[in-house]
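> Model the following, please.
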Amino acid sequence: MACMAFASRQLALPSRLVRPSTCRACAGHLRTSVRHNTMTMTTDRGGMTEAMYNWRVAAVHNALKEMGKETGALHVTDLTALGHLDQYHYGGIQANDHVIELLGIDNTVHCLDVGSGIGGPARYIASKTGCRLTGVELQPDICRAGQELTERVPGLADRVNFMVGDIITLSKTKEIPDETFDHFLSLLVFLHIPDRAGLLQACHNATKPGGTFLIEDFAAKPGKSFTELERSSLLDVVSAPTVTTPEQYVADLHAAGFVDIRVVDLSEQWRKWTKAAQDLYFESKDETLKMHGEAICCGAFCRVRAARCHEWPKQLMGLR
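You can find the predicted model right below:
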């Protein structure tokens, strides 16, 4: 099940609409992904996650070379045209448009993207709204690639920057000062982070009073239980140690200080999107193999395998 939460500076579970809060809370949106692990995650799990994502850096450069844009200036649309190589989450740029609309992002605000990947959402949102945006990404090579691609878009690096590290540590060391951001977003990332309490507290600390947030994430359907095989798949295929019911998710958000939380079930939308993504992969497999080589194609297959939520059991849902 997929869900989304919006809240004032007391966090809430993922919901599809954002409501400004009158409290010192931030609103948010919950989306999970198979990508991010904090430093508290085990080495082998982190390595597995890196294997799922690091191939994308080479794939982006291969695709740009094929387009005749291996070097020189880029436009954001050159990168969004790369689809999942630029946008790691479900829903592509349409999901980013929802973030902009629901959080009311404009050129007056500073936003935080927790688990920013190669920087696709940050570049798109900043270019469309004129906002400032800071991305936090755990994996150095992916973060570095995101910064380099952003610097190739004229004028964008003045408003978009990236930091390597996990949000919990960056908050504790004050490398991300308290009450810095008007909004934060995270798209399919939180499910990879074991320390949810620390994660949500760090996000709360980083957000200004009255700010809002949007998270998209996986959740467990209430009253359903995972089998041992399903739970093992969540860990070993999806790298998701933290999948709870929406009710528990909301409770965790409240405990961190967030309020006005709304939750929206995105399960059906995600099933359709991942089914279409899988079909596209198999239809273009020969072309992908020719452009990127066998190693990258294996990485793409891992992604498709992990993203098959249209085949996941009734116990799992997607939330905003």
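> Looks to me like Leu200 is in a strand.
No: with DSSP: H, G, I helix; E, B strand; the rest coil as the criterion, Leu200 is located in helix rather than a strand.
> and the gap between Ala277 and Val76?
Distance from Ala277 to Val76, counting by Cβ to Cβ, to the nearest Å: 21 Å. All C-beta spots, glycine's among them, are computed from the backbone N, C-alpha and C.
> Quick check: what element follows the helix or strand hosting Phe213 along the chain?
Using DSSP states H and E, Phe213 maps to strand 207-220. Using DSSP H and E, the helix or strand that directly follows strand 207-220 along the chain is helix 228-236.
> List the buried residues of that following helix.
Under the neighbour-count criterion of 16 or more other Cβ atoms under 10 Å, helix 228-236 has 231, 233-234 buried.
> thinking Glu151 is in contact with Ala157, fair?
Yes: using Cβ atoms under 8 Å, Glu151 makes contact with Ala157 at a distance of 4.6 Å.
> quick one: which of the two has more around it?
Ala157 (17 against 14; other Cβ atoms under 10 Å).
> For the stretch 201-320 of the chain, which segments count as helices?
228-236, 246-256, 267-283, 285-292, 294-306 (DSSP state H, counting those that start in this stretch).
> what's the second one packed up against?
Read that as helix 246-256. Applying 3 or more Cβ pairs under 8 Å, 6 or more residues apart in numbering; DSSP states H and E, we find helix 246-256 packed against helix 196-206, strand 207-220, strand 316-319.
> need the ones you listed in CSV with distance to Gly146, can you?
Formatted as CSV, the helices and strands packed on helix 246-256 follow (distance: least, Cβ to Cβ, whole Å):
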stretch, distance to Gly146
helix 196-206, 19
strand 207-220, 19
strand 316-319, 25
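> hmm, back to that, check the helices of the stretch 201-320 of the chain for me: which has the lowest mean pLDDT.
Confidence, taken as mean pLDDT, is least for helix 294-306 of the helices of the stretch 201-320 of the chain (a mean of 55).
> Quick one: closest of the helices and strands packed on helix 246-256 to Asn107.
Nearest to Asn107 among those is strand 207-220 (16.4 Å), distances taken as Cβ to Cβ.
> sorry, back to before: what angle do helix 228-236 and the strand holding Phe213 make with each other?
Calculated by axes from the mean of the first three to the mean of the last three Cα atoms, to 10 degrees, strand 207-220 forms an angle of 140 degrees with helix 228-236.
> Start at 18, not 1
Will do, 18 is the new start, and the previous item becomes strand 224-237.
> Now strand 224-237 - C-alpha only, CSV.
What follows is strand 224-237 as a C-alpha-only set of coordinates in CSV (Å, rounded to 0.1, in the frame of the first residue of the first chain):
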residue,chain,number,x,y,z
THR,A,224,11.9,22.3,8.9
LYS,A,225,10.7,25.8,9.9
PRO,A,226,7.6,26.3,12.1
GLY,A,227,4.5,26.1,10.0
GLY,A,228,6.4,24.3,7.1
THR,A,229,4.9,21.4,5.3
PHE,A,230,6.2,18.1,3.9
LEU,A,231,5.2,15.3,1.5
ILE,A,232,6.4,11.7,1.8
GLU,A,233,5.6,8.7,-0.4
ASP,A,234,6.3,5.3,1.0
PHE,A,235,5.4,1.7,1.4
ALA,A,236,3.1,0.6,4.2
ALA,A,237,1.6,-2.7,5.5
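> buried sites along that strand?
So for strand 224-237, counting by 16+ other Cβ under 10 Å, buried means 224-225, 227-237.
> Can I get stretch 160-168 in PDB? Just the C-alpha atoms.
The C-alpha trace of stretch 160-168 is given here as PDB (Å, rounded to 0.1, in the frame of the first residue of the first chain):
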ATOM      1  CA  CYS A 160      25.200  12.600  -5.300                       C
ATOM      2  CA  ARG A 161      28.300  13.700  -7.200                       C
ATOM      3  CA  ALA A 162      26.700  12.800 -10.500                       C
ATOM      4  CA  GLY A 163      23.600  14.800  -9.500                       C
ATOM      5  CA  GLN A 164      25.700  17.900  -8.800                       C
ATOM      6  CA  GLU A 165      27.600  17.600 -12.000                       C
ATOM      7  CA  LEU A 166      24.400  17.200 -14.100                       C
ATOM      8  CA  THR A 167      22.900  20.200 -12.300                       C
ATOM      9  CA  GLU A 168      25.900  22.400 -13.100                       C
END
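> In contact with the nearest residue to Gly137 once chain neighbours are set aside, which residues are there?
Using Cβ to Cβ, 6 or more residues apart in numbering and skipping the chain neighbours, the partner closest in space to Gly137 is Asp103 (3.8 Å). By Cβ atoms under 8 Å, 6 or more residues apart in numbering, Asp103 lies in contact with 77, 96-97, 135, 137.
> and if we set it to 6 Å?
By Cβ atoms under 6 Å, 6 or more residues apart in numbering, the residues touching Asp103 are 96-97, 137.
> now do Thr146
Listed by Cβ under 6 Å, 6+ apart, the contact partners of Thr146 are 117, 122-123.
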